[in-house]
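Trainee: Have a look at this prediction, sequence included:
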Amino acid sequence: MSTEPLPTINPADLPKHVGIIMDGNGRWASARKLPRLEGHRRGAERIFDVVDSCIDQGIKNLTLFAFSVENWKRPEEEVNGLFKLGEWVLRANLSRLLKRKVRLRVIGDLEAMPDFVKIPLKEAIAASAENDALNLIVALNYGARQEVTLAAQKLAQDVASGKLKPEDVNWQSIESRLQTSGLPDPDLIIRTSGESRLSNFLLLQSAYAEIVIVKAHWPDFTKEEFQAALLEFTKRERRFGMTREQIQPTLKS
């Protein structure tokens, strides 16, 4: 990456909600002949750089894909190590998050997580509930298809009980039953490590998100890499199904 300073971005042009698929920890470690868990540890350090950047620039919502429902398929030793690392990272950095007025939220099946992860997370969620500088949403034991399935079940129950008519089912009624209800849809999805897929992350919410693929593995994702991704976002023309002339009427003249 160039060492030249990146242009300052107009706050009005920044995304309101950024989602990040933090990929490449294991490959980063393997390339350096280090244990995979060391890659995850180094990757955890990058989280707080991005959190600080979001707060400093006024980005209000950040969702991080920490552990997917598919990640249970990994070796048991790695999964247990990830949970222990996550618990340690949370305890070590909770005061920093609270000082910066970060509100912590979790999407995914938190109840299925081990108690030594679940209990401190719930405590941190409660302790940060009144903070308003940044919504930090951690996707933990999360999968978009599973989220949509649960929303559909809730809708079916409400229709069956007479609370909702079938003809009244619309996007608003679906969205209100998703775990991200009340949050703006992500404007920008960043995936590190050069992979070009969403991997079951916020599939419905990302319908109109701009996607930026970064070649760097997550442990190498610096504040400068993040700023470059934001700059790339500002260059995208977001039409939401309309024509360029509709969103930029001056082009007609």
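Mentor: Great, that's in hand.
Trainee: Can you show me the strands along the stretch 1-150 of the chain?
Mentor: 17-21, 61-68, 102-107, 134-142 (DSSP state E, counting those that start in this stretch).
Trainee: in the longest one, what's buried?
Mentor: It stands for strand 134-142. 134-142 (16 or more other C-beta atoms under 10 Å). In short, each C-beta sits where N, CA and C put it, glycine included.
Trainee: strands paired with that strand, and their directions?
Mentor: Strands adjacent to strand 134-142 in the sheet, as given by DSSP bridges, are strand 61-68 (parallel), strand 102-107 (parallel).
Trainee: Counting neighbours, which bits of stretch 191-211 end up buried?
Mentor: 191-193, 198, 200-202, 204-206, 209-211.
Trainee: Quick check: end-to-end length of that stretch?
Mentor: 8 Å (C-alpha to C-alpha, to the nearest Å).
Trainee: so which of the buried residues of stretch 191-211 comes closest to residue 247?
Mentor: residue 210 (14.4 Å; C-beta to C-beta).
Trainee: How about the backbone phi and psi for the nearest residue to that closest one once chain neighbours are set aside?
Mentor: If you skip the residues right next to it in sequence, residue 210 has residue 236 as its closest partner in space, 4.7 Å away by C-beta to C-beta, 6 or more residues apart in numbering. Phi and psi for residue 236, reported as degrees, to the nearest 10, are phi -80, psi 140.
Trainee: Could you point out which residue ranges in this structure have low pLDDT?
Mentor: 1-6, 249-253 (pLDDT under 70).
Trainee: where do the helices sit along the stretch 151-253 of the chain?
Mentor: Listed in chain order, the helices of the stretch 151-253 of the chain (DSSP state H, counting those that start in this stretch) span 171-175, 223-235, 244-247.
Trainee: Could you dump the ones you listed into a markdown table and include distance to residue 79 and mean neighbour count?
Mentor: Output for the helices of the stretch 151-253 of the chain, formatted as a markdown table (distance: least, C-beta to C-beta, whole Å; neighbours: other C-beta atoms under 10 Å):
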| stretch | distance to residue 79 | mean neighbour count |
| --- | --- | --- |
| helix 171-175 | 31 | 13 |
| helix 223-235 | 27 | 17 |
| helix 244-247 | 45 | 11 |
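Trainee: Out of those helices, which gets nearest to residue 48?
Mentor: Among the helices of the stretch 151-253 of the chain, helix 223-235 comes nearest to residue 48, with 10.4 Å by C-beta to C-beta.
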